[in-house]
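Colleague: for reference, the sequence and a predicted model appear below.
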Amino acid sequence: MDGSYSEEVPQTIFQQKFYRIPAILKVEENLLVFAEQRNGKADEAAERLIMKTGELKKENERYTVKWTEQRVVEEAHIDGYRTMNPCPVYDSANKKVYLFFICVEGTYTEQWQIKNYCNKARLCYITSENLGQTWSGLTELTDLLPENCVTFAVGPGHGLQTENGTLMVPAYVYVGVKPAKPIPRAVSLYSNDSGKSWHFGSLLEEESIECQMAEVSDASGRFIYCNARSKGCYRVEASSDNEGQSFTIHSEKTLCETCCGCQGSVVSFPAQTEAAAEGVATQWLLYTHPRCKCKRCDLGVYLNKTPSDPKAWSKAWILYKGPSAYSDLAYLGDGWFACLFECGKNHETEQIALKIFHFKQVQEGIEGNCCTLF
């Protein structure tokens, strides 16, 4: 057996033909989950965003979720465009959910836009103050895109609110001017005034694609950690000490990337008891991504107890053994996590499922995995 793994059956959240791109957000004692509804497997077959809301209840030291009916996010729409890449973030000060996404004209593919140096995507968001029961009208921020943008996307997956209140949305932008080939770069979109104004930070210096970010602190101080998909053999990791305005690339290449790449998720959480005793790190990182190098398979959970050290990542605990791809993490509190992810028996996009698990399961799974790191 290739490492220890969880045999608990995940709960199916979205299962019908062609649901992809999961996103999850915890708001108080509720979970908001989102995905793309498509009329085919290809990205250009995306149509609209759908969502569910779940009420979290803890009974007998286990979490259960009572879900609402699935519904379409009607407000996340522009006529003649397909809606993609849900990326929610919660402003706890104003109790408001921001749902970011992109609207892409017709069936223009990302590759067409790159080849023709012609952006067909628009940057948009809507807001809700009642857990998505109703949404505001659409706000567009496309004019804020960096110079020489060929195309772009947000997330996918959750954004974050920092300790000082800054709202941050992970994104990536293809930039280039003919005849140079456009290069993708991860970047943060942030607001330090509760969404009244938004700004892009500096693009990462290294080629990087879909990303997520988390705020962490350890002996080196407090910073924003960025974990991005790449076209190479390893993930791109970077950190920012100025609220995501600029990032420094980590030189160590520790986390492997799957063949052709795959999105991954990262979340920070309070260091557990042993760290509190050691007095070293006050927050740790958890990261999910397919463990297999050659295909999207065996969704792994990785732990880093020293966030400033890219070499400190643990072995993988296999959350789902079999075809699996995109994922999104949420920290529930008291050592509990929720992971919303694509998976299936024969193909990774058969369903979007949810697993709730505890840090002890991760730790025991890692310690029981006698295999090498990757």
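Modeller: Looks like it came in fine. Please read these numbers as outputs of a predicted model, since none were measured by experiment. Residues are numbered from 1 along each chain as shown.
Colleague: just for the stretch 151-300 of the chain, where's the confidence low?
Modeller: 274-281 (pLDDT under 70).
Colleague: tell me where it has helices.
Modeller: Applying DSSP state H, counting those that start in this stretch to the stretch 151-300 of the chain gives helices spanning 273-278.
Colleague: can you show me the strands along it?
Modeller: 160-161, 167-175, 183-191, 199-200, 211-218, 221-228, 236-240, 248-249, 265-270, 283-290, 297-304 (DSSP state E, counting those that start in this stretch).
Colleague: elements contacting the fifth one?
Modeller: Spelled out, that is strand 211-218. Judged by 3 or more Cβ pairs under 8 Å, 6 or more residues apart in numbering; DSSP states H and E, the packing partners of strand 211-218 are strand 160-161, strand 167-175, strand 221-228, strand 265-270, strand 283-290. No exception for glycine: its C-beta is placed from N, CA and C like everyone else's.
Colleague: now those strands in CSV, with distance to residue 91?
Modeller: Formatted as CSV, these follow (distance: least, Cβ to Cβ, whole Å):
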stretch, distance to residue 91
strand 160-161, 6
strand 167-175, 6
strand 221-228, 17
strand 265-270, 18
strand 283-290, 20
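Colleague: select the longest helix from the protein.
Modeller: helix 359-367 (DSSP state H).
Colleague: averaged pLDDT, it. What do you get?
Modeller: Helix 359-367 comes out with an average pLDDT of 94.
Colleague: that helix to strand 283-290, inter-axis angle?
Modeller: Per axes from the mean of the first three to the mean of the last three Cα atoms, to 10 degrees, the angle that helix 359-367 makes with strand 283-290 is 60 degrees.
Colleague: tabulate the CA atom coordinates of helix 359-367 in CSV.
Modeller: What follows is helix 359-367, C-alpha atoms only, in CSV (Å, rounded to 0.1, in the frame of the first residue of the first chain):
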residue,chain,number,x,y,z
PHE,A,359,-5.6,17.0,12.9
LYS,A,360,-5.0,13.8,14.9
GLN,A,361,-5.9,11.8,11.8
VAL,A,362,-3.5,13.7,9.7
GLN,A,363,-0.7,13.3,12.3
GLU,A,364,-1.3,9.6,12.8
GLY,A,365,-1.5,9.1,9.0
ILE,A,366,1.8,10.9,8.4
GLU,A,367,3.6,9.0,11.2
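Colleague: against which helices or strands is that helix packed?
Modeller: Looks like helix 359-367 contacts strand 297-304, strand 317-333, strand 336-343 (3+ Cβ pairs under 8 Å, 6+ apart).
Colleague: and it, what's buried?
Modeller: 359, 361-363, 365-366 (16 or more other Cβ atoms under 10 Å).
Colleague: one more: stretch 185-202?
Modeller: 185-192, 195, 198, 200-201.
Colleague: gap between that stretch and the chain center?
Modeller: Stretch 185-202 sits 17 Å away from the centroid of its parent chain (Cα atoms, centre = their mean, to the nearest Å).
Colleague: next, format the strands of the stretch 151-300 of the chain as CSV and append distance to residue 36.
Modeller: Shown next, in CSV, are the strands of the stretch 151-300 of the chain (distance: least, Cβ to Cβ, whole Å):
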stretch, distance to residue 36
strand 160-161, 21
strand 167-175, 17
strand 183-191, 20
strand 199-200, 24
strand 211-218, 17
strand 221-228, 20
strand 236-240, 24
strand 248-249, 30
strand 265-270, 16
strand 283-290, 19
strand 297-304, 19
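Colleague: sorry, back to before: residue 209: which of the helices and strands packed on strand 211-218 is closest?
Modeller: Judged by Cβ to Cβ, the one of the helices and strands packed on strand 211-218 that comes nearest to residue 209 is strand 167-175, at 5.2 Å.
Colleague: quick one, the closest one and strand 211-218 angle?
Modeller: Going by the same axes, to 10 degrees, strand 167-175 makes 130 degrees with strand 211-218.
Colleague: for the record, mean pLDDT for stretch 344-356?
Modeller: 96.
Colleague: chain center to it: distance?
Modeller: 17 Å.
Colleague: pretty sure residue 159 contacts residue 168?
Modeller: Yes: using Cβ atoms under 8 Å, residue 159 is in contact with residue 168, at 5.6 Å.
Colleague: identify the contacts common to the two.
Modeller: 89, 213 (Cβ atoms under 8 Å, 6 or more residues apart in numbering).
Colleague: output the below-cut-off pLDDT ranges for the stretch 1-150 of the chain.
Modeller: 1-7.
Colleague: go again with 50.
Modeller: Along the stretch 1-150 of the chain, segments meeting pLDDT under 50 span 1-3.
Colleague: list the contacts for the closest residue to residue 303 other than its chain neighbours?
Modeller: Nearest non-adjacent residue to residue 303, counting by Cβ to Cβ, 6 or more residues apart in numbering: residue 314, 4.3 Å away. When contacts are counted by Cβ under 8 Å, 6+ apart, residue 314 touches 302-304, 366, 373.
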